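> give me a model of this one.
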Amino acid sequence: RSISLAKGDVITADDVFIGTVSITGKKAYNLLSLGFIRNFFLSPFYPIAPQIVVASMFVLVVIMGIWGNPSPDSNISLLLVWANWEPLLILSCLLLARMWCSFCPIGFFSNLVRKMKLKRMKIPPQYLNYGFFISAAGLAVIFWAQAALHMFERPTETAWLLLAMLGSAVLFALLFEGRIWCRYVCPLGQMVATFARASVVEVRSNYNYCSHECTDYVCYTGSGDTPGCSMGKGPFAMDTNQDCVLCGNCMKACQNQAVRFNLRPPGWELWNTRAADLAMILFVPLLWGTQIFRGLGLTGIPQKVNVYVGSMEVTYGILMLCSALLAYHVAVAGVAFMGMVDTDAGKKFGSTFFLVMLPLVYANEIAIRLVPLLNHAADFFVILGNQVGYSFPRIAFRIDMQSIHILQIILIIIGFFLSVTVASK
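All right, here's what the predicted structure looks like:
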């Protein structure tokens, strides 16, 4: 395999150690056996057509945020970002894994930059994992900014946040080879990648064919006008949803239909993973910490702390740091407990406890997003009417807060039992 993958006369470590053997469950069903799904991924309009639509919306949101009405009651960009896109992004991880990353406007624009013929640097493999630390810090900063800068009420600040992420991705595309930003550094990408591990879908391969009969590995290297894996990891080595964005390149390149798009039980990847990797170790406790932080924001605690601090920005920074540290310390305690219960499962920081935490953390994240999605999003036509000066007919599907709270409790209970299931496996 390494000889087939080598692009020159020298076999590099990347060609040899591309990944581990992919694992596919016996209960997985290949959705590509359905003609309309296969045709969807093989279409020449996928993923470019969705990318253009989403990129156009991104530009529109930024324009409205910077030059539109600064009032939150008269600028639809806030509702599009925080009440529609963000909650639906979190929900999509369950049903579509990381597919959003194939449509992401930031990835789309950075891909255009990568087409420029420039001499770029290649980051040594031993340094790539440091990107996860940058990504984790970036995600904490985003949640801090949402609270400290009141982004849910400020279109301009929201637009500049989007532009800051775009600028960072473009900078990485200018300086470095490959999709370094998307795979290692993007804060939202890593959040989506973490939740995608609990998804009901996965891209894997027919391992028997790939290991014994395939000689060209075009799913990884590309073939003719069809590029290879956009994330630099072929489906024959895909053992997690962490690195697959469902771009469809491997499906188009492989003429032997060895690529599988499996429907699987939710959480299957978690209880079949041997140990948590660095991304899981960083992001599962961090995401839980941001949930604690957002919960504190609903209380009077920030205002009480600010009496002694004197700056709400600094106060929110302290609360974010404390919330993250609390979550990590609880995780470390869980690692120690798993070590006592099961020595193999509790080894150091590779403990499966991080895998056990994920369903509950993900369910809690969905529960948090229900409020803007089911309550605030109903104001779409009201706010749009205020912005354009037209009174639209009142069309609103709004669920009352009491019903939302019941749904939130149900979700958290489901997440808890899924975590117990993963632990028992």
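
> CA atoms for contacts and neighbours, from now on please.
Fine.

> what's the first helix or strand after the longest helix seen in the chain?
What stands out as the longest helix in the chain, according to DSSP state H, is helix 312-341. On the C-terminal side of helix 312-341, the nearest following helix or strand under DSSP states H and E is helix 353-374.

> now do that next one: which elements does it pack against?
Applying 3 or more CA pairs under 8 Å, 6 or more residues apart in numbering; DSSP states H and E, one finds that helix 353-374 contacts helix 86-96, helix 268-271, helix 278-297, helix 312-341, helix 401-424.

> can you lay out those as TSV showing distance to Cys210?
Formatted as TSV, the helices and strands packed on helix 353-374 follow (distance: least, CA to CA, whole Å):
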stretch	distance to Cys210
helix 86-96	25
helix 268-271	21
helix 278-297	27
helix 312-341	36
helix 401-424	30
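
> which of these sits closest to Cys186?
With CA to CA as the measure, helix 278-297 is the member of those nearest Cys186 (12.2 Å).

> centre of the chain to the longest helix of the chain, how far?
Going by CA atoms, centre = their mean, to the nearest Å, the spacing between the C-alpha centre of helix 312-341 and its chain's C-alpha centre is 21 Å.

> tell me what that helix is packed against?
helix 130-148, helix 278-297, helix 301-309, helix 353-374.

> can I get the helices and strands packed on helix 353-374 in TSV including mean pLDDT?
Listed next are the helices and strands packed on helix 353-374 as TSV, based on pLDDT from 0 to 100:
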stretch	mean pLDDT
helix 86-96	95
helix 268-271	88
helix 278-297	94
helix 312-341	87
helix 401-424	93
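
> out of those, which gets nearest to Arg120?
Minimum separation from Arg120 across the helices and strands packed on helix 353-374 (CA to CA) falls at helix 278-297, 25.7 Å.

> got the contact list for that closest one?
129, 132-133, 136, 140, 143, 147, 190-191, 194, 302, 319-320, 323-328, 331, 349-350, 354-355, 357-358, 361, 364-365 (CA atoms under 8 Å, 6 or more residues apart in numbering).

> ok, of those, which come out buried?
132-133, 136, 140, 143, 147, 190-191, 194, 302, 319-320, 323-324, 326-328, 331, 349-350, 354-355, 357-358, 361, 364-365 (16 or more other CA atoms under 10 Å).

> confidence score at Ile18?
Predicted confidence (pLDDT) for Ile18: 51.

> please read the previous query as pertaining to Met116.
Value for Met116, per-residue pLDDT: 88.

> name the helix or strand for it, please.
With DSSP H and E as the test, Met116 turns up in no helix or strand.

> what's the closest of the helices and strands packed on helix 353-374 to Ile383?
Closest among the helices and strands packed on helix 353-374, using CA to CA: helix 86-96, at 18.2 Å.

> tell me which residues of stretch 176-192 come out buried.
176, 178-192.

> which ones among those map onto helices?
Short answer: the buried residues of stretch 176-192 in helices (DSSP H) are 180, 187-192.

> for those, give me a markdown table that also has distance to Asp216 and pLDDT.
Below are those laid out as a markdown table (distance: CA to CA, whole Å; pLDDT from 0 to 100):
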| residue | distance to Asp216 | pLDDT |
| --- | --- | --- |
| Ile180 | 25 | 90 |
| Pro187 | 34 | 95 |
| Leu188 | 34 | 95 |
| Gly189 | 30 | 94 |
| Gln190 | 31 | 95 |
| Met191 | 33 | 96 |
| Val192 | 31 | 96 |
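
> next, format those residues as TSV and append distance to Gly310.
As requested, these are exported to TSV (distance: CA to CA, whole Å):
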residue	distance to Gly310
Ile180	39
Pro187	29
Leu188	31
Gly189	34
Gln190	34
Met191	32
Val192	35
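
> specify which member of those is nearest to Pro72.
Leu188 (23.8 Å).

> residues near the closest residue in space to that closest one that isn't next to it in sequence, how many?
Counting by CA to CA, 6 or more residues apart in numbering, Leu139 is the residue found nearest to Leu188 once chain neighbours are left out, at 6.9 Å. For Leu139, the neighbour count with other CA atoms under 10 Å is 23.

> and the ones in helices among the buried residues of stretch 176-192, which is closest to Pro87?
Among those, and counting by CA to CA, the member closest to Pro87 is Val192, at 11.6 Å.

> hmm, the closest one is touching Arg98, no?
Yes - using CA atoms under 8 Å, Val192 is in contact with Arg98, at 6.3 Å.

> adding distance to Thr315, write the helices and strands packed on helix 312-341 out as JSON lines.
Below are these laid out as JSON lines (distance: least, CA to CA, whole Å):
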{"stretch": "helix 130-148", "distance to Thr315": "8"}
{"stretch": "helix 278-297", "distance to Thr315": "11"}
{"stretch": "helix 301-309", "distance to Thr315": "6"}
{"stretch": "helix 353-374", "distance to Thr315": "22"}
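
> out of the helices and strands packed on helix 353-374, nearest to Ala28?
helix 268-271 (9.6 Å).

> now for the closest one, which elements pack on it?
So helix 268-271, by 3+ CA pairs under 8 Å, 6+ apart, packs with helix 353-374, helix 401-424.

> centre of the chain to the last one, how far?
Read it as helix 401-424. With CA atoms, centre = their mean, you get 21 Å for helix 401-424.

> try the first one
Distance of helix 353-374 from the chain centroid (CA atoms, centre = their mean) equals 13 Å.

> who touches stretch 187-197?
89-90, 93-94, 96-98, 101, 132, 135-136, 138-139, 182-184, 240-243, 267, 269-270, 279-280, 283-284, 287, 358, 362.

> out of those, which are buried?
Buried among these by 16+ other CA under 10 Å: 89-90, 93-94, 96-98, 101, 132, 135-136, 138-139, 182-184, 240-243, 267, 269-270, 279-280, 283-284, 287, 358, 362.

> now for Pro372: which residues touch it?
So Pro372 contacts 82-84, 87 (CA under 8 Å, 6+ apart).

> can you pull out the low-pLDDT segments for the stretch 51-200 of the chain?
Scanning the stretch 51-200 of the chain for pLDDT under 70 picks out nothing.

> and with 80 instead?
126 (pLDDT under 80).

> relative to Ile66, which of the buried residues of stretch 176-192 is nearest.
Set against Ile66, the nearest of the buried residues of stretch 176-192 by CA to CA is Leu188 (21.9 Å).

> distance of that closest one from Met165?
Applying CA to CA, to the nearest Å, the value for Leu188 to Met165 is 10 Å.
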